[in-house]
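K.L.:
I need the structure of the sequence given here:
(4 chains)
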Number of protein chains: 2
Amino acid sequence: MGPQSTEVETPRLAAAKIGSDVGLLLAKLHATGSLLNNKALADYGLRERSFSVLTLACSGLEPTQRELADFLSLDPSQVVSLVDDLEHRGLVKRAQGKQDRRAKIIVSTAEGRRIHNKARAALEVCEETQLASLTGEENVQLRALLKKALWG
Amino acid sequence: MGPQSTEVETPRLAAAKIGSDVGLLLAKLHATGSLLNNKALADYGLRERSFSVLTLACSGLEPTQRELADFLSLDPSQVVSLVDDLEHRGLVKRAQGKQDRRAKIIVSTAEGRRIHNKARAALEVCEETQLASLTGEENVQLRALLKKALWG
DNA sequence: AAACAATCGTTGACTTTTTCAATGATCCGT
DNA sequence: ACGGATCATTGAAAAAGTCAACGATTGTTT
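P.N.:
Just a heads-up that it's a prediction; the model follows:
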């Protein structure tokens, strides 16, 4: 994403019809959000993606790497890198799949859960900041609409 | 983005708490949307970004490249590439800034507006497809919430 | 049961995108 | 007129994404 600061301005160009283009709105909100999130997560040596992987690892769902790739819209090779990093830092470990011995299940370590709790708290503050313009109800609405758009 | 198809599945992992993380929801919807949009725009030799630039160029707002970079969350050097491409294809041209002779104003050509109209129509169909799960009202709501989150 | 095709994680190569510093031209404040 | 800042541009470096191939394992077909 570009080098914009965290300032919130209402640019002249927002007046254009493209200011209602869903694709662009998603891109912009995603861009500014990623910037803030990654900044907040840096304190814990995480980024958005490694945080997502860690979250799923802590979820008790015992995801395989393939599931992580599908769910996070990543190439399997990217998941390898992310898990490698988390594993080297002792936050996560690979376990053998139960029905399928090809698959590797990603589970969190105690240290992983510790870091994850702290990072999650930081991210929540971060999201509140980003969505400060929305009321509590609108915040809930937005989540619901995004989820519905994604999986009906 | 990863190699997911356009199929809409409800993955097992969506049950996790992270399935309500705004950052992830935005990332996913943006990813799948970009895939569809770029596919639709390919018929016109455009991608999401060049389309955005072309749209602003057609808007009558006479944006400078710096404004484009800020608004689209891009590095100024990326805008140079995008404008170069559009200009070489005769869809856009650079004009000298009026108050500021350093700045270059991007304006559309007649051919640019012609292509833009066609591409815009294709994109609208595309967005309807992506947001097919939402009712018309929800669609409007989503746009409003995204805009409000971005610039209050 | 043997052969076959398909899938999982991994590696490595390759391309694209992003990031950043440096530059000439121009603007602004003093 | 001077000095510092901003604009578009270039080019290089870093990061991210894409893709094909591989061994191991699975499920399927014969």
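
K.L.:
From now on I want contacts and neighbour counts done on CA atoms only, so please keep to that.
P.N.:
Will do.

K.L.:
need the residues of chain A near DNA strand C, please.
P.N.:
By CA under 7 Å from any atom of the strand, the part of chain A that sits against DNA strand C consists of A:1-3, A:64-67, A:76-77, A:80, A:83, A:102-105.

K.L.:
Mind doing that once more with 10 Å?
P.N.:
A:1-4, A:31, A:34-35, A:63-70, A:75-84, A:93-97, A:100-106 (CA under 10 Å from any atom of the strand).

K.L.:
which of those are buried?
P.N.:
A:2, A:4, A:31, A:34-35, A:63-70, A:75-76, A:79, A:82-83, A:93-94, A:103-106 (16 or more other CA atoms under 10 Å in any protein chain shown).

K.L.:
From those residues, which land in strands?
P.N.:
Assigned to strands by DSSP state E, the following of these qualify: A:93-94, A:104-106.

K.L.:
So of the residues you listed, which two are at opposite extremes in space?
P.N.:
Greatest spacing in those, by CA to CA: A:93 and A:104 (9.4 Å).

K.L.:
so what sits against both of those two?
P.N.:
Residues touching both residue A:93 and residue A:104 (CA atoms under 8 Å, 6 or more residues apart in numbering or on different chains): there are none.

K.L.:
Residue A:21: what's it in contact with?
P.N.:
So residue A:21 contacts residue B:143 (CA under 8 Å, 6+ apart).

K.L.:
Let me see the ranges of the strands in chain A.
P.N.:
Under DSSP E, chain A gives strands at A:92-96, A:104-108.

K.L.:
Just the C-alpha atoms of the first one, please, in CSV.
P.N.:
Read that as strand A:92-96. Extracted in CSV, the C-alpha atoms of strand A:92-96 (Å, rounded to 0.1, in the frame of the first residue of the first chain):
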residue,chain,number,x,y,z
VAL,A,92,3.0,-22.9,16.9
LYS,A,93,3.9,-26.5,16.0
ARG,A,94,3.1,-28.9,13.2
ALA,A,95,1.3,-32.1,14.2
GLN,A,96,0.6,-35.0,12.0
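
K.L.:
any idea of the mean pLDDT for that strand?
P.N.:
Mean pLDDT, computed over strand A:92-96, is 97.

K.L.:
partners of it, with directions?
P.N.:
Partners of strand A:92-96 in the sheet, by DSSP bridges, are strand A:104-108 (antiparallel).

K.L.:
right, is the partner strand up against DNA strand D?
P.N.:
No. Strand A:104-108 stays out of contact with DNA strand D when judged by CA under 10 Å from any atom of the strand, the minimum separation being 10.7 Å.
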